[in-house]
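Novice: With the sequence up front, the predicted model follows.
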Amino acid sequence: MFGFLVLAGTLFRPVAAQAQDPARPPLDARLSALLRERAVLTRQYAEANAQRHSLFGNKPSKKDLQEVVDALQGIVDKDQQIVDVLNRTAQQAQTTSVRLAATTTQLENTSRGDRNVTAQRLLELENDAQNLRQREKQQLLKQRDLEAEVAEAKQGHFVRDALIAVLSVACVGLAVALRRRK
């Protein structure tokens, strides 16, 4: 039995080293290989279990029983490796799931933030447009007021110019009248 364990340890050491190697094959390939190895061990068990070398007839000898035990131990060890690979697969799936959930949450938060920024920017633009319309109305009112003032000023200039013209004519008339009197 001890010899089988040493042999199994020697055979499985490369597998353990490969499990730590970052360049190891994908888990599906490792699982397939382990299942093939288990099938070989199962055939070895069946062969060992079928052997009957006893001196007392059709019974297994002590050596036959030891080979059966060794084959069963190999199957148990292989099953443990398969379970380890399945556990790693489940752990990687869980890690991937957690990572995807975190990424989804981050994307949702980013999306929500982007929507908020977009809505805020849109509100700012609407406010700017409303402010521009308000200023335009104010400018139109100022322009109308200025046009009214210009019209009043023109009216005032016309009256002033008319008074100046009338007074000028009156002054000229007085100057002419004063000259005639002299």
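Specialist: Good, I have the coordinates.

Novice: burial count for residue 81?
Specialist: The tally of other residues near residue 81 (other C-beta atoms under 10 Å) stands at 20. All C-beta atoms are positioned from the backbone trio N, CA, C, and that covers glycine.

Novice: sec struct for it, please.
Specialist: Each residue gets one of three states, and residue 81 gets helix by DSSP: H, G, I helix; E, B strand; the rest coil.

Novice: That one contacts residue 35, doesn't it?
Specialist: No. With contact defined as C-beta atoms under 8 Å, residue 81 does not count as touching residue 35 (10.2 Å).

Novice: list the helices and strands whatever helix or strand residue 35 lives in packs on?
Specialist: If you go by DSSP states H and E, residue 35 is part of helix 27-50. The contact analysis (3 or more C-beta pairs under 8 Å, 6 or more residues apart in numbering; DSSP states H and E) places helix 27-50 against helix 62-181.

Novice: now the helix it packs on, how far from the centre of its chain.
Specialist: Offset of helix 62-181 from its chain centre (C-alpha atoms, centre = their mean, to the nearest Å): 22 Å.

Novice: Report all helices and strands that that helix contacts.
Specialist: Packing contacts for helix 62-181, counted by 3+ C-beta pairs under 8 Å, 6+ apart, involve helix 2-20, helix 27-50.

Novice: what does the average pLDDT come to for it?
Specialist: Helix 62-181 comes out with an average pLDDT of 92.
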